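Student: Predicted model, plus sequence, below.
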Amino acid sequence: MKIVHVTLRFDAPGGVETTVREVTRRLKSQGVDVEVFASDLLDESGWVRGTEFRSEVDGVPVRRFPVLKRPFPRAEAPLAAGRSGAISLPLMVGLVDALRESGADVIHVHSHRYGHVLQAAAVSRRTGTPLVASTHYHPADRRESAIKRGLLRCEDVAFGWTAYRIARALVAESELEARLVRGFAPRDRIRVIPPGIDLDAWANPATDRTDDLALPERYLVYAGRIASNKGLSVLLDALAHLPASERIPLVMMGPDWGERSALEARARSLGIDRDVRWLGMVLDPAKYRGVIRHARALVLPSEWEAYGLVLLDALAAGTPVVATAAGGIPEVIDQGRAGRLVPYGDPAALSTALRATWQDPEGTHALVRHGSDWVRAHDWSMTVRRHLELYRELVAH
């Protein structure tokens, strides 16, 4: 059985990218013939292309295709605050022919509102190859104009009536995502398969490293993209809300998606710029684990997360979690039994939850203890097993 996974970016940071990499390498280790088709993008936010890519990652063959940002003329919708209203539909040049000739028994395509989803669906319809689509669904940003939100909803419906009616199965990462996708896609094809975590990698704290990072003795950590939908300005406001006697540094770990300069200016205006440390992208897994494990709390103040893999990392590390009750986050931390939940966009509530981390040590310990038990059911092996069962079911039929 051969499985071809199609994704916009690969061997790069991000939740979708991590899921594809972990699932494909584990399928490969179990003897499944698996290949990844991806574009030549390194950074989607700045549309940065790469020129040097590995032809094999973790033993999995990878083919790269040049990508077109828009197959149609640019059309801007007027937006406030200078936000672009352009609708893009990235297409991979040569993908259709490559998929037809790949010999795939199943095509598994990732993400929503992308041209490669439509391309894979076209091949599936023509060849009869079963198509699986993991939507990784993200609703429209609240700050977008009504015009753009309407356009994005039209895209949702269009994908639901085209690619998702061709797909034999649609994979959602959470029950919330599944409910949202049911609003425009065939309900009977949706499966919920959460992503996972490599529990073995977190099992031995002695393998962690933070020696050359010059971290503060005590700190909070945010881990993820420095992006507009992550609620980071709210996090800075919450840090400023903390009494100066209780304020501890905030470590920001992740790649800049165009927001860092504005956030640095925000921190200066709040008088907390000395309390914010920018680590950038930490590629060494041992250092990444060390930063998470030694934090007083991991904070995820996002407007939306389809899932939030970093939360599983914190639970496995025994690090307290404070996060917004947004998207799939409540499901990841067992509806607040494994971490503290706050409303999105409320710096006072976020500040109060952060203070509770050290002011209520017994409550924090109970959350961490529950999280340590809860995360055991989320190893990547469970995710891969359910994907493999789905592929075999589709091939058998």
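Tutor: All right, it came through fine.
Student: CA only for contacts and neighbour counts going forward, please
Tutor: Noted.
Student: how many other residues sit next to Gly128?
Tutor: Counted with other C-alpha atoms under 10 Å, the neighbours of Gly128 add up to 13.
Student: Got phi/psi on it?
Tutor: When read as degrees, to the nearest 10, the backbone of Gly128 gives phi 80, psi 10.
Student: Local confidence estimate at it?
Tutor: The predicted structure scores Gly128 at 97 on the pLDDT scale.
Student: Any regions of the protein where pLDDT drops low?
Tutor: Along the chain, segments meeting pLDDT under 70 span 70-87.
Student: now the residue positioned nearest the centre of the chain: how far from Ala169?
Tutor: Among the residues of the chain, the smallest C-alpha distance to the mean C-alpha position (C-alpha atoms, centre = their mean) belongs to Gly15, namely 2.7 Å. The span separating Gly15 from Ala169 equals 20 Å under the rule C-alpha to C-alpha, to the nearest Å.
Student: again, but for Asp284
Tutor: Relative to Ala169, Asp284 is positioned 35 Å away (criterion: C-alpha to C-alpha).
Student: the more surrounded of those two?
Tutor: When neighbours are counted by other C-alpha under 10 Å, Asp284 and Ala169 differ, and Ala169 comes out ahead with 23 against 11.
Student: Go ahead and confirm the more buried one touches Arg189.
Tutor: Yes. The criterion here is C-alpha atoms under 8 Å, and Ala169 meets it with Arg189 at 4.7 Å.
Student: so how many other residues sit close to Val342?
Tutor: Taking other C-alpha under 10 Å as the criterion, the count of residues near Val342 is 20.
Student: Please name the residues that touch the nearest residue to it once chain neighbours are set aside.
Tutor: In space, Val342 comes closest to Thr324 once its chain neighbours are excluded; the distance is 4.8 Å by C-alpha to C-alpha, 6 or more residues apart in numbering. Residues near Thr324 by C-alpha atoms under 8 Å, 6 or more residues apart in numbering: 300-303, 341-344.
Student: same deal with Pro130?
Tutor: Neighbouring residues of Pro130 by C-alpha under 8 Å, 6+ apart: 105-107, 124, 167-168, 394-395.
Student: again, but for Arg337
Tutor: With contact taken as C-alpha under 8 Å, 6+ apart, Arg337 is in contact with 367, 370-371.
Student: Tell me if I'm right that Leu42 and Thr51 touch.
Tutor: No. Using C-alpha under 8 Å, Leu42 is not in contact with Thr51, being 9.2 Å away.
Student: Have a look at these two and say which one is more surrounded.
Tutor: For Leu42 versus Thr51, the count of surrounding residues by other C-alpha under 10 Å is larger for Leu42: 19 against 7.
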